[in-house]
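Chemist: Next one to model:
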Amino acid sequence: MTPPGTRDDGAPAVTEDVAHLLVRCLEAEGVRYVFGIPGEENIRFVDALSGSGIRYVLVRHEQAASFMAEIHGRLTGRAGVCSATLGPGAINLLLGTADAMTNSSPLVALAAQGSLERLHKESHQVIDLVAMFAPVTQWSARIQCPDAVPEMVRRAFKTAQSERPGAVFLAVPEDIEATTPKSPLSPLQIDVVHADAPSSSQIERAADVLASARRPVVLAGHGAARAEASAALVRFAERLNVPVATTFHGKGVFPDDHPLALGAVGFMRHDYTNFGFDTADTLICVGYELQEFDPVKINPDGDKRILHLHRFPAEVDVHYPVTVGVQGDPSHALDALAAAVAKPFPYDASGERVRTLLSEELEYGRGSDACPLVPQRVVADVRAALDREDIVLADTGAGKMWMARLYPAYARDTCLLSNGLSTMAFALPGAIAAKLARPERRVLAMMGDGSFLMNSQELETAVREGVPLVVLVLVDEEYGLITWKMELELGRHSHTRFTNPDLVAYAESFGARGHRITSAGELLPVLREALDGDGVSVIACPVDYAENLRLTDRLGALHGPF
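Modeler: Sure, this is the predicted structure:
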């Protein structure tokens, strides 16, 4: 452990203000990027960053900074960092911070605050930021004195990167930022805690439940992706001959082209994959978290036996009655459980039927030359344009629903969605962070025109920062998902229509390349050209969401078991 008064490299610590100490603490945590906008109250912090090894990514809206930090944290497993000034700047960080919290992504949000001497009274731009962030973080605190910086920064990152990752908020009063600690301070030593293997008694009890099962099904969630449990899931499924479904957040953790793949659950209606659960008597839930989707959709009567394999206990829900909880590293748990079960289960044909139905939808899309394009054609062309390890971020809206259920994913974290908070407008700023985190991969942000115009100013950020990416904008001049829901529930819709600027000219005004799709056959070659380019491209693609109601009508008429 580094002795007090010395730096982590053994040299004597230097006397410095809190801004520089804070930056050194971030460097010690391995932070490579801070996304944000400077303000009058944190100018010393931003100045200290300019002399460090951390790249400050100036954004055009603090909300975008929080989305960037969230996606960077989600892809790296290390807390992404966003920064803002006090008052309105800090408030703008709130959405992405809440999104990270509900999506179990590690994030540390830093915001300036007014000086301590005026926090007790009504004062210009001062609100209680700690109280405001508390409901959407694992820990929200204000740095009260300079000497607390190393401890509070270490606690912030330790908390954000815990067994269940999430968001943390720290407020830095402007007078504290400018203050020099009484004595030289250094970042604290970082001790990484690894998840333990599950206990043998838990495995034995889970094996007893599985031994008496007739039709088990695996559900792999976001926790399985975070734990990098893909290989163990494949070994488990193949050894026991058990089909595997994923949540939207777990897409790709089990490859969709595997013979035992059952697809993704989470659609707003009873989808093909749900039929694989209807006749199941035992659910093996690996890294599943209730915020990903409501368990009532796969256990409506609350009568299925559930094995919960995760690093932490399950949330309580009447439709998620855990029979045995196996706490520890999911890969170790899967391997141990597979070894404890005597023989594989009989082949379950439901997965084959589900894959056939999903494949037929994609084939329908590939064969459709309609323009505006049917969403199935868009999904099929996106899949054809991207390699197995490339990353697509599907923004919230009707397009997300089509991507989540139809897009075949073959590796974890290659199809990113928000399904905890399900916020709009994360995909463009998130794509910037994804490309910075995974520069070797091509990155596509797929957004509706409604969500695109919410954070489209970040095109300038991508161009200025030299971050190559592609934005596919699905144009229907409507909040299509809301129209879909209103038509389903009310038989009519209202107040969902809007108009757009010329999106090609708009993209070009930022220095990006703009493309307009005028026929179905243009999309795939334009996607490939844009993805192979070294700049920022925006593709405006008209889409016909009349397929939405056709889909829900078709699913409503479909009957199982398969």
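
Chemist: could you pull out the strands for the stretch 201-350 of the chain?
Modeler: Assigned by DSSP state E, counting those that start in this stretch, the stretch 201-350 of the chain shows strands spanning 216-220, 244-247, 261-265, 282-286, 305-310, 322-327.

Chemist: Of all these, which one is nearest Ala79?
Modeler: Closest approach to Ala79 among the strands of the stretch 201-350 of the chain (CB to CB): strand 305-310, 20.4 Å. For every residue, glycine as well, the C-beta is placed using N, CA and C.

Chemist: ok, and for that closest one, which residues are buried?
Modeler: Using 16 or more other CB atoms under 10 Å as the test for burial, strand 305-310 gives Arg305, Ile306, Leu307, His308, Leu309, His310.

Chemist: re the thing from before, list just the one of the strands of the stretch 201-350 of the chain that sits closest to Arg554.
Modeler: Of all the strands of the stretch 201-350 of the chain, strand 261-265 sits nearest to Arg554, with 15.8 Å by CB to CB.

Chemist: low pLDDT regions in the stretch 1-150 of the chain?
Modeler: Low-confidence segments of the stretch 1-150 of the chain, defined by pLDDT under 70: 1-15.

Chemist: Also the chain?
Modeler: Those would be 1-15, 268-269, 559-562, if you go by pLDDT under 70 across the chain.

Chemist: sorry, back to before: could the buried residues of strand 305-310 go into a markdown table alongside distance to Asp147?
Modeler: Shown next, in a markdown table, are those (distance: CB to CB, whole Å):
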| residue | distance to Asp147 |
| --- | --- |
| Arg305 | 53 |
| Ile306 | 48 |
| Leu307 | 47 |
| His308 | 42 |
| Leu309 | 42 |
| His310 | 38 |
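
Chemist: with those in mind, which one is nearest to Leu444?
Modeler: Distance to Leu444, by CB to CB, is smallest for His310 among those, at 30.6 Å.

Chemist: Test my guess that the closest one contacts Tyr288.
Modeler: Yes. Between His310 and Tyr288 there is a contact under CB atoms under 8 Å: 7.2 Å.

Chemist: tell me, what's touching those two both at once?
Modeler: Gly223 (CB atoms under 8 Å, 6 or more residues apart in numbering).

Chemist: related to what we said a few turns ago, okay, the strands of the stretch 201-350 of the chain in TSV with distance to Asn299 next?
Modeler: Below are these laid out as TSV (distance: least, CB to CB, whole Å):
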stretch	distance to Asn299
strand 216-220	10
strand 244-247	13
strand 261-265	11
strand 282-286	7
strand 305-310	8
strand 322-327	11
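
Chemist: And the helices in the stretch 201-350 of the chain?
Modeler: For the stretch 201-350 of the chain, applying DSSP state H, counting those that start in this stretch gives helices covering 222-226, 230-240, 272-278, 330-340, 350-367.

Chemist: What is the burial count for the nearest residue to Val296 once chain neighbours are set aside?
Modeler: Leaving aside its chain neighbours, Val296 sits nearest to His319 (4.4 Å; criterion: CB to CB, 6 or more residues apart in numbering). His319 is flanked by 17 other residues according to other CB atoms under 10 Å.

Chemist: and what of the one 5 residues further on?
Modeler: Residues within reach of Val324, counting by other CB under 10 Å, total 20.

Chemist: Give the bridge partners for it, please.
Modeler: Leu307 (DSSP bridges).

Chemist: gap between Tyr56 and Val538?
Modeler: 25 Å (CB to CB, to the nearest Å).

Chemist: and these two? which has more neighbours close in?
Modeler: Val538 (27 against 18).

Chemist: now for the helix or strand harbouring the more buried one, which elements pack on it?
Modeler: Using DSSP states H and E, Val538 sits in strand 536-542. With contacts taken as 3 or more CB pairs under 8 Å, 6 or more residues apart in numbering; DSSP states H and E, strand 536-542 sits against helix 458-465, strand 469-475, helix 503-509, strand 513-516, helix 523-532.

Chemist: What angle do helix 523-532 and the second one make with each other?
Modeler: Strand 469-475 and helix 523-532 meet at an angle of 150 degrees, taking axes from the mean of the first three to the mean of the last three CA atoms, to 10 degrees as the criterion.

Chemist: Using CSV, write out every CA atom in strand 469-475.
Modeler: Provided in CSV are the C-alpha atoms of strand 469-475 (Å, rounded to 0.1, in the frame of the first residue of the first chain):
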residue,chain,number,x,y,z
LEU,A,469,-19.2,6.1,-37.4
VAL,A,470,-22.4,5.7,-39.3
VAL,A,471,-25.9,6.9,-38.3
LEU,A,472,-28.8,5.1,-40.0
VAL,A,473,-31.9,7.3,-39.5
LEU,A,474,-35.2,5.5,-40.0
VAL,A,475,-37.5,8.2,-41.4
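
Chemist: what about that strand, distance to the chain center?
Modeler: Offset of strand 469-475 from its chain centre (CA atoms, centre = their mean, to the nearest Å): 19 Å.
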